[in-house]
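K.L.:
Provided below are the primary sequence and the corresponding predicted coordinates.
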Amino acid sequence: MPAAKTKNGFEPKICERCGLPFEWRKKWARDWANVKYCSQKCRG
């Protein structure tokens with residue numbers, strides 16, 4: 001698995017559930033500060 005990279009100036013985060021790094025996505029642009037999980041599966 002390639003390492004997570006900084007995208008659009010946002011540092012990658014570590015998922016609180018699975019512990020894997022994930023990158024910024026456009027759909028999270030408005031709420032990146034509050035994103036804690038990499039996917040719906042981890043959040044659920």
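P.N.:
That came through, no problem.
K.L.:
where exactly do the strands run in this protein?
P.N.:
13-14, 21-22 (DSSP state E).
K.L.:
isn't residue 23 right up against residue 2?
P.N.:
No - counting by Cβ atoms under 8 Å, residue 23 stays clear of residue 2, with 10.1 Å between them. From N, CA and C alone the C-beta is placed, and that goes for glycine too.
K.L.:
mind listing what the residue most central in space within the chain touches?
P.N.:
Compute the mean C-alpha point of the chain, and by Cα atoms, centre = their mean the closest residue is residue 22, 3.9 Å away. Neighbouring residues of residue 22 by Cβ atoms under 8 Å, 6 or more residues apart in numbering: 4, 12-15, 38.
K.L.:
Look up which residues are beta-bridged to it.
P.N.:
Judged by DSSP bridges, the bridge partners of residue 22 are residue 13.
K.L.:
got CSV for the contacts of residue 22, with neighbour count and pLDDT too?
P.N.:
As requested, those are arranged in CSV below (neighbours: other Cβ atoms under 10 Å; pLDDT from 0 to 100):
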residue, neighbour count, pLDDT
4, 16, 85
12, 14, 95
13, 18, 96
14, 12, 97
15, 16, 97
38, 21, 96
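K.L.:
and the strands of the chain as JSON lines, adding distance to residue 31?
P.N.:
What follows is the strands of the chain, written out as JSON lines (distance: least, Cβ to Cβ, whole Å):
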{"stretch": "strand 13-14", "distance to residue 31": "12"}
{"stretch": "strand 21-22", "distance to residue 31": "14"}
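K.L.:
Which of the ones you listed sits closest to residue 32?
P.N.:
Proximity to residue 32 (Cβ to Cβ) singles out strand 13-14 among those, at 8.4 Å.
K.L.:
give me every residue that touches the nearest residue to residue 12 once chain neighbours are set aside.
P.N.:
On the basis of Cβ to Cβ, 6 or more residues apart in numbering, the spatially nearest residue to residue 12 that is not a chain neighbour turns out to be residue 4, at 3.3 Å. Applying Cβ under 8 Å, 6+ apart, we find residue 4 in contact with 12, 21-23.
K.L.:
Now the two most distant members of those residues.
P.N.:
Going by Cβ to Cβ, the pair spanning those furthest: 21 and 23, at 7.6 Å.
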